[in-house]
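1. This is the structure alone, sequence omitted:
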């Protein structure tokens, strides 16, 4: 954290602060990203396996796509459009209301 007044132009402190704050976030992302990618791959594989098992389809007939949605955008992008406006098409309804 810079201890000098900004007018003193202690750029070495600025660089250290940026390194700590920005690189800290990037290092955190780098630490969890491989696990998140693996989880997403495993989830897609299990969904495909269940589709093949339940419907009797062959692997070449099944594909899985996922779209990540930020939590603060869930109500508008997913709940309203995909759930409320398509209730008659839902095979399984969520156990929550918004």
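-> Cool, got the structure. As the structure is a computational prediction, the values presented were derived from the model and not from experiment. Numbering: from 1, shown residues only.

2. Tell me the confidence at the residue nearest to the spatial centre of the chain?
-> When CA atoms, centre = their mean is applied to the chain, the residue found nearest the centroid is residue 68 (4.7 Å). On the pLDDT scale, residue 68 is placed at 91.

3. So it, which state does it fall into?
-> For residue 68, the assignment made with DSSP: H, G, I helix; E, B strand; the rest coil gives coil.

4. now it: how far from residue 95?
-> Computed as CB to CB, to the nearest Å, the residue 68 to residue 95 distance reads 22 Å. The way it works is simple: take the backbone N, C-alpha and C, and place the C-beta from them, glycine included.

5. One more: residue 37?
-> Distance, residue 37 to residue 95, using CB to CB: 28 Å.

6. more crowded one of the two?
-> Higher neighbour count among residue 37 and residue 95: residue 37, with 10 against 5, using other CB atoms under 10 Å.
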